[in-house]
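In: any chance you can model this:
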Amino acid sequence: MSRRTLARLGAPAIAAAGITFLVAAPASAHVTVTPTETAAGAYSVLTFSVGHGCEDSPTTKITIQVPEGINTVTPTRQPFYDVKVTTEKLAEPVKDAHGNELTERDATIVYTAKTPLPDGQRDAFEVSLQLPEKEGTLAFPTVQTCEKGETAWIEETPEGATDEPESPAPSFEVTEAVADDGHGHSHSAEESAEKVEPAAAETEDDDSNLWGGVGAGAGVLGLIAGSTALALGRRKA
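Out: You can find the predicted model right below:
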C-alpha cells in the first residue's frame, strides 16, 4: 500500500532527494478529514485538517491523493496556498453525473503554502466532490511536506483492528445511499417508508371527514323537509 501510494504521489523524486519520512505526532494531531455528507453517491464537502508541523518544522505543502471511484474534485480557494489538481488517464472512459464522457480523472490535490504554516498553528482545506456509489471506508492518503522533512499520512487501519497505525490516512465511512423525494431532499429507505404510512392515514381521515360532512348535510336537509311538511299540514287543517 505505502509503495503504491507514494509512487502516485511522486515518491521517486522524494527518494532521489534522500528525504526521510518522520515519525507522526500523537493521535490528536493527525491529519484528519470531516465530510458534510457520507451517503453513497451524495455530494459532500470534505474538510482536511492539519494540526501540526513535522517535528517542530513549519508545513510548506499538503498533497492529497484522490481515491479511485472519485473522478472530479473542486477545491475551495485557500488564500494562504496555491492549489493545483493533477490528473491521470482512465483505463476506460466513464460518464459523469451530467452524462459527459471522461477520459481522465483528478488524481491529487496539491496545496503549496505561500507562507509556511507554523508548527504551533493548524489549518484546514475544503474539497467538494461526489462520493462513490459503494459503501465502505474511503481513505485519502496525504503527504505533509515541511521545511525539514515530511510526514506520510498513508497507512490504512486494518478492519477490526483496535489500534490505529502511527501515520493513518485521513478516512471516513461511506454509508448507505439515500432516496431523493423529487424535491431535492434526500431520505433513507426507512424514512421514506415511514412517511408513506402517515400519508395513508391522513387520506383515511380525510375520507372519514368527507363522508361525515355528507351525512350531517343530509340530516339537516331531512330536518328542513320534515318541518316544511308539518307546516303545510297545519295550513290544510
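In: longest strand anywhere in the chain?
Out: Criterion DSSP state E: the longest strand present in the chain is strand 101-117.
In: following element in sequence after it, please.
Out: Sequence order places strand 123-130 as the next helix or strand after strand 101-117, per DSSP states H and E.
In: what helices or strands is that next one leaning on?
Out: Counting contacts by 3 or more C-beta pairs under 8 Å, 6 or more residues apart in numbering; DSSP states H and E, strand 123-130 packs against strand 43-50, strand 59-65, strand 73-75, strand 101-117. To be clear about C-beta, it is placed using only N, CA and C from the backbone, and glycine gets the same treatment.
In: need the mean per-residue confidence for it.
Out: In this model, strand 123-130 carries a mean pLDDT of 97.
In: and the helices and strands packed on strand 123-130: which comes nearest residue 126?
Out: Taking C-beta to C-beta, strand 43-50 is the member of the helices and strands packed on strand 123-130 nearest to residue 126, at 5.4 Å.
In: sheet partners, orientation included, of that closest one?
Out: Using DSSP bridges, the strands paired with strand 43-50 in its sheet are strand 32-35 (antiparallel), strand 123-130 (antiparallel).
In: of the ones you listed, which is nearest residue 64?
Out: Short answer: strand 123-130, nearest of the strands paired with strand 43-50 by C-beta to C-beta, at 7.5 Å.
In: quick one: that closest one to strand 101-117, angle?
Out: Angle between the axes of strand 123-130 and strand 101-117 is 170 degrees (criterion: axes from the mean of the first three to the mean of the last three C-alpha atoms, to 10 degrees).
In: tell me the buried residues in strand 123-130?
Out: Residues 123, 125, 127, 129-130 are the ones in strand 123-130 that count as buried (16 or more other C-beta atoms under 10 Å).
In: need the winner for burial among the helices and strands packed on strand 123-130.
Out: Comparing these on average neighbours per residue, with mean count of other C-beta atoms under 10 Å, the densest one is strand 59-65 at a mean of 22.
In: for that one, list the C-alpha coordinates in CSV.
Out: Extracted C-alpha coordinates of strand 59-65, given in CSV (Å, rounded to 0.1, in the frame of the first residue of the first chain):
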residue,chain,number,x,y,z
THR,A,59,4.4,23.0,6.8
THR,A,60,5.1,24.1,3.3
LYS,A,61,2.9,21.7,1.2
ILE,A,62,0.0,19.2,1.5
THR,A,63,-0.6,16.6,-1.2
ILE,A,64,-3.9,14.7,-1.0
GLN,A,65,-4.4,11.6,-3.1
